[in-house]
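Colleague: Predicted model and sequence follow; I will ask about them next.
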Amino acid sequence: MIRPYRPSDSEAVLTLWLDASIQAHDFVPKAFWQEQLPAMREHYLPQAETLVLEENGQTLGFLSLHEQRLAALFVSPDAQGRGIGRRLLDEAKRRRDSLELSVYCANTRAVAFYAANGFVAAAEVHDPHTGQPELTMRWSRA
């Protein structure tokens, strides 16, 4: 079931985010992600429209939207490969006519996932926080 984020989801979502970030971004030091936890808790989650995918009371994934931006889409490492990311992405597309996101170029699995789901690379920049190259990708219903 995909449902709106509740404050009581905070620890499960943050744990999932940290675990998935460390796994997907092994080219960025683990300490960087750990240092981002307070900002995720205090700024990013409260400012975004966040949806949680839950099965049997367990949080398996979440997405965060901020205006037309897909700010986050993460699936628990233990639940990857089961279509959860696709379900979340389909829900984001249902809620918006266009979406933009940033994804690290080195995260080839995510780049391929977004491309397979209709996103097109629009620009490449360097993330000022990590120095890593990242793609801006866009999708539009039209």
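Modeller: Structure received. Numbers count the residues shown, from 1 in each chain.
Colleague: Please count neighbours and contacts with C-alpha atoms only from this point.
Modeller: Fine.
Colleague: Just the buried residues of the helix or strand of the chain with the lowest mean pLDDT, please?
Modeller: Counting by mean pLDDT, DSSP states H and E, the weakest-scoring helix or strand in the chain turns out to be helix 45-47, with a mean of 91. Neighbour-count burial for helix 45-47, counted by 16 or more other CA atoms under 10 Å, picks out residue 45.
Colleague: contact partners of that helix?
Modeller: With CA atoms under 8 Å, 6 or more residues apart in numbering as the test, helix 45-47 has contacts from 64, 66.
Colleague: for stretch 131-142, same thing?
Modeller: Against stretch 131-142 from outside (CA under 8 Å, 6+ apart): 93, 97-106, 114, 118-127.
Colleague: coming back round to it: now the next helix or strand after the least confident helix or strand of the chain: mean pLDDT?
Modeller: Once helix 45-47 ends, the next helix or strand along the chain (criterion: DSSP states H and E) is strand 49-55. The average of the pLDDT scores along strand 49-55 is 96.
Colleague: just stretch 60-80 next, same as before
Modeller: If you average the pLDDT over stretch 60-80, you get 95.
Colleague: Can you get me the start-to-end distance on it?
Modeller: Counting by CA to CA, to the nearest Å, you get 9 Å between the two ends of stretch 60-80.
Colleague: contact partners of the helix or strand hosting residue 32?
Modeller: Residue 32 is part of helix 30-39 when elements are defined by DSSP H and E. Residues outside helix 30-39 that contact it (CA under 8 Å, 6+ apart) are 14, 18, 21-22.
Colleague: now with 10 Å?
Modeller: 14-15, 17-19, 21-23, 25, 40, 43-45, 129-130 (CA atoms under 10 Å, 6 or more residues apart in numbering).
Colleague: neighbours around residue 128, how many?
Modeller: 8 (other CA atoms under 10 Å).
Colleague: That one and residue 37, how far apart?
Modeller: Using CA to CA, residue 128 is found at 18 Å from residue 37.
Colleague: what's the answer for residue 14, then?
Modeller: In terms of CA to CA, residue 14 sits 7 Å off from residue 37.
Colleague: now do residue 29
Modeller: Distance of residue 29 to residue 37, computed by CA to CA: 14 Å.
Colleague: again, but for residue 131
Modeller: Here residue 131 is placed at a distance of 19 Å from residue 37 (CA to CA).
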